[in-house]
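Asks: sharing a model prediction with you, sequence too.
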Amino acid sequence: MKIIPISLPTPFYIGPVNVYLIKEDPVTLIDTGPKTPAALAALRAGLRSAGLSVNNIRRIVLTHAHEDHCGLARSLRDEAKDADVYVHSWETGHRASRLEHEESLHLLQRAGVPAEEIQAMRRLYDDVRQYADSLEDGHCRELVDGDELEFAAGALRVIHTPGHTPGSCSFLREADRTIIAGDCVLKRITPNPVVSPDPIDPSRRFRSLAEYLVSLARVRSFAPTLVFGGHGEPIHDFEELFNRYLKLIRERQTSALGVIPKTGATAWEVSRSLFPGVDDVHSFLAVSEAVAHLDYAESEGKIAVEMSDGREVYRRLSDD
Ligand SMILES: [Zn+2]
Ligand SMILES: [Zn+2]
């Protein structure tokens, strides 16, 4: 079973995205790239060098439903005459215009994001949305943890690796312990958790960092020899990356707690102190990062949270 990485341009700050072509019966594409003419042209060229075309694709598998990964899914499915699209059911919140959801707005309000900033985030998001066609439930088959995507020769095992998003999935080829990990594992940057409603109870927030740490440990438990990420080069030394991530996460925890004043602070205020001068594009990611760390610290009993005027205010429990 041949895994062929294809790099596609994106209009996003993160740069090119990697999609993976499995040239094996049934021909399978893992992630699709954003819905832009440039990404589609690069994908067609990648397929052509593998001796294939969009028509040959029978299965489109999504690591998660961010625009840079899923944008072309619907048009490719249509062009490939109803190829099957697979995505984890916990990606629902992400599949269709996620900032439109009332739940997401409530989460941002509770995190202390001022109304005008929420409006700015929505405007920016309206722009991002053009890079993906939304996928309705009826269009998708479900990825289930532990299931196998079978091929004429070999299989890929679905590993649910929530954290970056609730429904993020990775794919393991057991024979040589190769993992395709989407944005769960990236060589140069730690993946950003995105503030999301809990997929089971949307009135709550998804505990992204706690889930992410479990997912990282799970990937590690397979002792991968090679990990293909959603962006950047493949990772040969997962152990080094794992330890580096844990160190960065610990340092970020310490700084997040360090900027909480005695009077307490909202996640928004913490994000402003952690990332001063962050531009509009990144303020949503910055507050997501702050929320993830504060939630985690609270679940570890390091800080307390209470509601005040509809906003969550975090307080340190001691001065150490
Ligand atoms: Zn992503
Ligand atoms: Zn990505």
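Replies: In hand now; what should we look at? Ligands and ions are numbered 1, 2, ... in the order given.

Asks: what sits against the closest residue to residue 56 other than its chain neighbours?
Replies: Nearest-residue entry for residue 56: residue 27, 4.7 Å, with adjacent residues in sequence omitted and distances by Cβ to Cβ, 6 or more residues apart in numbering. Where you see a C-beta, it was placed from the backbone N, CA and C, and this is true even at glycine. Contacts for residue 27 were tallied using Cβ atoms under 8 Å, 6 or more residues apart in numbering; they are 21, 52, 56-59.

Asks: bridging residues for residue 182?
Replies: Taking DSSP bridges as the rule, residue 182 bridges to residue 229.

Asks: so which bits of the stretch 101-250 of the chain are right by ligand 2?
Replies: If contact is defined as Cβ under 5 Å from the ion, the residues of the stretch 101-250 of the chain in contact with ligand 2 are 183, 230.

Asks: so how far is ligand 1 from residue 57?
Replies: Residue 57 sits 21 Å away from ligand 1, going by Cβ to the ion, to the nearest Å.

Asks: can you check residue 218 too?
Replies: Taken as Cβ to the ion, the span from residue 218 to ligand 1 is 18 Å.

Asks: neighbours of that residue, how many?
Replies: The burial count assigned to residue 218 is 16, neighbours taken as other Cβ atoms under 10 Å.

Asks: likewise residue 241?
Replies: A total of 21 residues lie near residue 241 under the criterion other Cβ under 10 Å.

Asks: name the SS class of it, please.
Replies: In three-state terms, and counting by DSSP: H, G, I helix; E, B strand; the rest coil, residue 241 is helix.

Asks: check contacts around it.
Replies: Listed by Cβ under 8 Å, 6+ apart, the contact set of residue 241 reads 185, 187, 227, 235.

Asks: next up, phi/psi of the first one, please.
Replies: The phi and psi torsions at residue 185 (degrees, to the nearest 10) take the values phi -130, psi 120.

Asks: go on, the last one?
Replies: Dihedral angles of residue 235 (phi, psi; degrees, to the nearest 10) stand at phi -110, psi 120.

Asks: for the closest residue to it other than its chain neighbours, give its distance to residue 66.
Replies: Closest residue to residue 235 apart from its sequence neighbours, by Cβ to Cβ, 6+ apart: residue 227 at 4.2 Å. Distance of residue 227 to residue 66, given as Cβ to Cβ, to the nearest Å: 18 Å.

Asks: and for residue 225?
Replies: Residue 225 sits at a distance of 27 Å from residue 66 (criterion: Cβ to Cβ).

Asks: more neighbours: which of these two?
Replies: Each of residue 225 and residue 66 had its neighbours counted (other Cβ under 10 Å), and the higher figure belongs to residue 66 (27 against 13).

Asks: how much space is there between the more buried one and ligand 2?
Replies: Distance check for residue 66 against ligand 2: by Cβ to the ion, it reads 5 Å.

Asks: does that residue touch residue 165 like I think?
Replies: Yes - here residue 66 lies in contact with residue 165, judged by Cβ atoms under 8 Å, at a distance of 6.9 Å.

Asks: now do the phi/psi pair for the residue nearest to residue 56.
Replies: phi -60, psi 130.

Asks: need the pLDDT of it.
Replies: Per-residue confidence for residue 27 comes out at a pLDDT of 98.

Asks: again, but for residue 298
Replies: 94.

Asks: show me what the helix or strand encompassing it is packed up against.
Replies: Counting by DSSP states H and E, the secondary-structure element that holds residue 298 is helix 280-299. Using 3 or more Cβ pairs under 8 Å, 6 or more residues apart in numbering; DSSP states H and E as the contact criterion, the neighbours of helix 280-299 among helices and strands are helix 115-129, helix 208-221, helix 238-258, helix 267-274, strand 303-308, strand 311-316.
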